[in-house]
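1. Task: produce atomic coordinates for the following.
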Amino acid sequence: MLGLETVVEIAQQVDASTFNVTARKALNVYGITGGRTKTRPEDPILNGGFNNLTDPTEPGPGLDDHRVTVVVPVCVAQFPYWLRAFFGAPTTTGSASDYTHAFASGVAALPYISLQDKLQTNDFRRHVGMVGQEMRISLDPSADGFARATLTFIGINEERAASAAAGTVTAAPALDRPAESRANIMWNAVAGGQIIGGELVFTRKLKRIRSADATGLANRIELDGKSTLGGSLKLRYQNQTILADGWNRTERATVMELLKSATRGFRLTCAHALLDETPVDRGGPDGVELDVPLAAYQSASNPALKVEALSSIASLAAL
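-> Okay, here's the model as predicted:
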């Protein structure tokens, strides 16, 4: 088997447990890892009439877990569908052919999606009831190639099959990716300068729920607490201007952009962000670079994170 044979399809589900067999969309990925796992916990029973006193005894029944991580291209034509799968329906503005789809963190109604993973011919994994747990985006204008995002989903179940699920599959849209070198990162509305990179990580606190229904199986995924939004600014140190905001606990807005043009690309906005108080370590005579951790939060008027997808896609409802 070659990883190049991989085909990934996603779609919305009508409920938590029903895999989509109507219409799915194929999307390109750089990598996919994980799936359903199950432990074999030790059972420390005493005096069971065994052969000897030192060999392992039969393990107990384990509980399953289900997590899938995909590394995907930050692509004008494809990434909006991953955002739709992770955040749910956006607020869409604009007109043909320039639309802005705005996704907000903090949604209460978690979207369930189906994900079919083709390993090779006659070898499929159907991931049922997937809910987005974490989204991580790092931008480095010194990096070669195209930007990537990493998304982790928690699921209800995994089905293994020798054939593809029923339903119509729409081919992956043609890739349209801005180079990562075009990254634009702003702190307090000032771009670049000593800022040479950045990262945002949004994580939901989720729980797979097993009802006491004699099945022992998870049947839904629910929020289990507040989400977190962290990350960092990478600086090539020039002066204390940005670090002073951390020392003084000064709230600022931070924005990460990756645009091909004024109407094509992505913008991630944290309206309320704080930097950690961070020392400037020097390990030698060369240029000094450091990562300054940040955290962002909501207010009465802004979510912790807003992600805007600027594209020619009129609607993402077809996912």
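2. mind checking the SS state of Q133?
-> Three-state call for Q133 (DSSP: H, G, I helix; E, B strand; the rest coil): strand.
3. Look at it and say how many residues are nearby.
-> Residues near Q133, counting by other Cβ atoms under 10 Å, number 21. For the C-beta atoms, the positions are set from N, CA and C on the backbone; glycine is no exception.
4. Could I get the contacting residues of it?
-> The contact partners of Q133, by Cβ atoms under 8 Å, 6 or more residues apart in numbering, come to R67, T152, F153, I154, T203, R204, L206.
5. quick one: the strands in the stretch 1-150 of the chain?
-> 7-12, 23-27, 31-38, 64-73, 91-95, 98-104, 113-120, 123-139, 148-154 (DSSP state E, counting those that start in this stretch).
6. who does whatever helix or strand comes next after the last one pair up with?
-> Reading on from strand 148-154 to the C-terminus, the next helix or strand found by DSSP states H and E is strand 157-161. In the sheet containing strand 157-161, the strands it pairs with under DSSP bridges are strand 123-139 (antiparallel).
7. I'd like to know which of the strands of the stretch 1-150 of the chain lies nearest to R182.
-> When the strands of the stretch 1-150 of the chain are compared by Cβ to Cβ, strand 123-139 sits nearest R182, at 9.2 Å.
8. Next, the angle from that closest one to strand 113-120.
-> On the basis of axes from the mean of the first three to the mean of the last three Cα atoms, to 10 degrees, strand 123-139 is oriented at 110 degrees to strand 113-120.
9. which parts of strand 123-139 are buried?
-> Using 16 or more other Cβ atoms under 10 Å as the test for burial, strand 123-139 gives 124-139.
10. R67: what's it in contact with?
-> So R67 contacts G34, G35, T37, Q133, T152, F153, I154, G155 (Cβ under 8 Å, 6+ apart).
11. Just the buried residues out of these, in PyMOL syntax.
-> With 16+ other Cβ under 10 Å as the burial test, the buried ones among those are selected in PyMOL as follows:
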select buried, resi 34+133+152+153+154+155
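12. Closest one to N47 out of the contacts of R67, please.
-> Nearest to N47 among the contacts of R67: T37, at 32.0 Å, using Cβ to Cβ.
13. quick one: that closest one and D65 touch, right?
-> Yes - using Cβ atoms under 8 Å, T37 is in contact with D65, at 5.2 Å.
14. can you give me the helices for this structure?
-> Ranges of helices in the chain, per DSSP state H, are 79-87, 241-247.
15. possible to save those as a markdown table with mean neighbour count?
-> A markdown table is the format used below for those (neighbours: other Cβ atoms under 10 Å):
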| stretch | mean neighbour count |
| --- | --- |
| helix 79-87 | 25 |
| helix 241-247 | 17 |
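16. okay, those helices in JSON lines with mean pLDDT next?
-> Output for these, formatted as JSON lines (pLDDT from 0 to 100):
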{"stretch": "helix 79-87", "mean pLDDT": "98"}
{"stretch": "helix 241-247", "mean pLDDT": "97"}
